[in-house]
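A.B. asks: Fold the following.
(one chain, ligands or ions: 1)
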Amino acid sequence: MTDKKSVRRQIDITDEQLLTLINQRLQLAQTIGEIKNREDLATLDPKREQEVLDRLKRFNTGPLTEEGLRNIFREIISAARQVQRPLSVAFLGPEATFTHLAAIKKFGRSTFFKPLPTISEVFMAVEKSNHHLGVIPIENSTEGVVNETLDQFVETKLQICGEIYLEISHDLISRSGQINDIEIIYTHPHAHGQCRKWLQGHLPQIPVLEVSSTGLAAQKAAHNPNSAAIASGFAASLYELRVVESRIEDHRENATHFFIIGPYAPGATGADKTSIIFAVADTPGALYNMLRPLAERGINMTRIVSRPMKTVAWRYLFFVDLDGHLQESALQECLHEMEEMSAFFKILGSFPKAEAIEKVS
Ligand SMILES: O=C(O)C(=O)C[C@]1(C(=O)O)C=C[C@@H](O)C=C1
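C.D. replies: The predicted structure is shown next:
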């Protein structure tokens, strides 16, 4: 017969063993950090991190889920980086936005995060080496592409060194957690649009004030006990707010795609993407001809977006994501052929594909 007390004792002993092993692992990471310092290498090695996770996934017999495994080891690796050389990541702020959550999901909580007010300031801060990396949104599955991010990529010297997909889900949050206390609701226009039906059905008389981010909305709700915010559950925990109602979005299928930007290109992992920008001549079949080398070599295009070229009216830049890494010869040859045909051509980088859509909770 197993009693609660004796099982808890076994849990305590297991935790002590885990702690010893985690400290052992961090000491090993410290040694690697010293080697990297000597050889002037970057602390962050996304390819190696992916290998660590892939290997563990193959070993995992359960009941730990794949998501649970990723969450735990993300934090262990984050702590390992911290004992080497703390990673500094700028993101489109303020705190408690979905971009902040995406950055935490990728780099773990033992990272130094810096919120910056605009996408261009994130690019600038990383260009000036004030931070190692930046995280910015590129596209939302219901609201479309983020034009400011596309525009920054035309000029920047930075590369795309990773991507994150994050599920977007909205909670109604307030200080008391009581629906009857709410006299005003703050939120971002996108979140407002995504929760319209729920609001009409449950709080039709309550005014909604749109602000510049869901993070700011949560901050405002924290200051006014008769207000609420539509924001993430993460914002609720950061500002010590309670959830009045969770997942109030009208459609569940909503995710945002983020890019990680930095001064270097990660090596090939075997499951990578490459991003490019190009412009074609104003002639019949120009875009068709440009994409033909991809079709001929069976290279998959995962995204194509056009954006007006600011310098010439009615001419367009194309932002394209492809499966594969620049170190692969088929992709190299293909890009070379495309460059020859284009009026403007820029490679934004090769980076490991995101494994899964990260959950908000
Ligand atoms: O293997 C390395 O290069 C390490 O620095 C260790 C480690 C890890 O904790 O596994 C930490 C940071 C790197 O981004 C990759 C892996």
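A.B. asks: Okay, now the unreliable bits of this protein?
C.D. replies: Judged by pLDDT under 70, the chain has its weakly predicted residues at 1.
A.B. asks: now the residue of it found nearest the ligand, nearest residue through space, not along the chain?
C.D. replies: In the chain, no residue comes nearer to the ligand than Ala80, which is 3.2 Å away by C-beta to the nearest ligand atom. In short, each C-beta sits where N, CA and C put it, glycine included. With sequence-adjacent residues excluded and distances taken as C-beta to C-beta, 6 or more residues apart in numbering, Ala80 is closest to Ala29, at 3.6 Å.
A.B. asks: give the contact list for that neighbour.
C.D. replies: Counting by C-beta atoms under 8 Å, 6 or more residues apart in numbering, Ala29 touches 80-81, 83-84.
A.B. asks: again with Ala42
C.D. replies: Residues near Ala42 by C-beta under 8 Å, 6+ apart: 36, 132, 264.
A.B. asks: before we move on, back to that, most neighbours among the contacts of Ala29, which one is it?
C.D. replies: The residue in the contacts of Ala29 with the most neighbours, by other C-beta atoms under 10 Å, is Ala80 (24 neighbours).
A.B. asks: Work out the gap between the helix or strand harbouring that residue and the centre of the chain.
C.D. replies: Assigned by DSSP states H and E, Ala80 belongs to helix 66-84. Relative to its chain's centre, helix 66-84 lies at 16 Å (C-alpha atoms, centre = their mean, to the nearest Å).
A.B. asks: what do you get for stretch 301-308?
C.D. replies: Counting by C-alpha atoms, centre = their mean, stretch 301-308 is centred 19 Å from the centre of its parent chain.
A.B. asks: try stretch 136-148
C.D. replies: How far stretch 136-148 lies from its chain's middle: 12 Å, per C-alpha atoms, centre = their mean.
A.B. asks: and what of stretch 218-238?
C.D. replies: Computed by C-alpha atoms, centre = their mean, the chain-centroid distance of stretch 218-238 equals 22 Å.
A.B. asks: again, but for stretch 318-325
C.D. replies: On C-alpha atoms, centre = their mean, the centre of stretch 318-325 falls 18 Å from the chain's centre.
A.B. asks: Output it as PDB, nothing but the C-alphas.
C.D. replies: Coordinates of each C-alpha in stretch 318-325 appear next as PDB, following Å, rounded to 0.1, in the frame of the first residue of the first chain:
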ATOM      1  CA  PHE A 318       8.400  39.800 -53.700                       C
ATOM      2  CA  PHE A 319       9.200  38.200 -50.300                       C
ATOM      3  CA  VAL A 320       9.600  34.500 -50.700                       C
ATOM      4  CA  ASP A 321      10.200  31.700 -48.200                       C
ATOM      5  CA  LEU A 322      11.600  28.400 -49.500                       C
ATOM      6  CA  ASP A 323      12.300  25.000 -48.000                       C
ATOM      7  CA  GLY A 324      16.000  24.200 -47.700                       C
ATOM      8  CA  HIS A 325      19.300  25.800 -46.600                       C
END
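A.B. asks: Show me the contact partners of it.
C.D. replies: 150, 153, 267-269, 272-280, 287, 290, 294, 299-307, 330-331, 350, 353.
A.B. asks: go on, stretch 250-260?
C.D. replies: 98-99, 102-103, 106, 133-142, 149, 160-169, 194-198, 351, 357.
A.B. asks: Drop anything exposed from the residues you listed.
C.D. replies: Using 16 or more other C-beta atoms under 10 Å as the burial test, the contacts of stretch 250-260 include 98-99, 102-103, 106, 133-140, 149, 160-169, 194-195, 198, 351 as buried.
A.B. asks: Filter these down to the ones in helices?
C.D. replies: Per DSSP state H, helices hold the following members of those: 98-99, 102-103, 106, 149, 194, 198.
A.B. asks: Same list as before, these that is, but in TSV and with distance to the ligand included.
C.D. replies: Shown next, in TSV, are those (distance: C-beta to the nearest ligand atom, whole Å):
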residue	distance to the ligand
Phe98	24
Thr99	21
Ala102	18
Ala103	15
Lys106	12
Thr149	25
Gln194	35
Trp198	41
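A.B. asks: Could you show which parts of the chain are in contact with the ligand?
C.D. replies: Applying C-beta under 6 Å from any ligand atom, we find that the chain lies next to the ligand at 29, 32, 44-45, 48-49, 52, 77, 80-81, 84.
A.B. asks: cutoff 5 Å now
C.D. replies: By the rule C-beta under 5 Å from any ligand atom, the part of the chain lying against the ligand is 29, 32, 44-45, 48-49, 52, 77, 80-81.
A.B. asks: Buried only: go through the residues you listed for me.
C.D. replies: Buried subset of these (neighbour count, 16+ other C-beta under 10 Å): 29, 44-45, 49, 77, 80-81.
A.B. asks: Name the SS class of Leu209, please.
C.D. replies: Assigned with DSSP: H, G, I helix; E, B strand; the rest coil, Leu209 falls in the strand class.
A.B. asks: so what's it closest to, chain neighbours aside?
C.D. replies: Tyr186 is the one closest to Leu209 (C-beta to C-beta, 6+ apart), at 5.3 Å.
A.B. asks: That neighbour contacts Ala222, correct?
C.D. replies: No - taking contacts as C-beta atoms under 8 Å, Tyr186 lies outside contact range of Ala222: 10.4 Å.
A.B. asks: Looking at those two now, which is surrounded by more residues?
C.D. replies: Summary of the neighbour comparison: Tyr186 and Ala222, criterion other C-beta under 10 Å, with Tyr186 having more neighbours (24 against 20).
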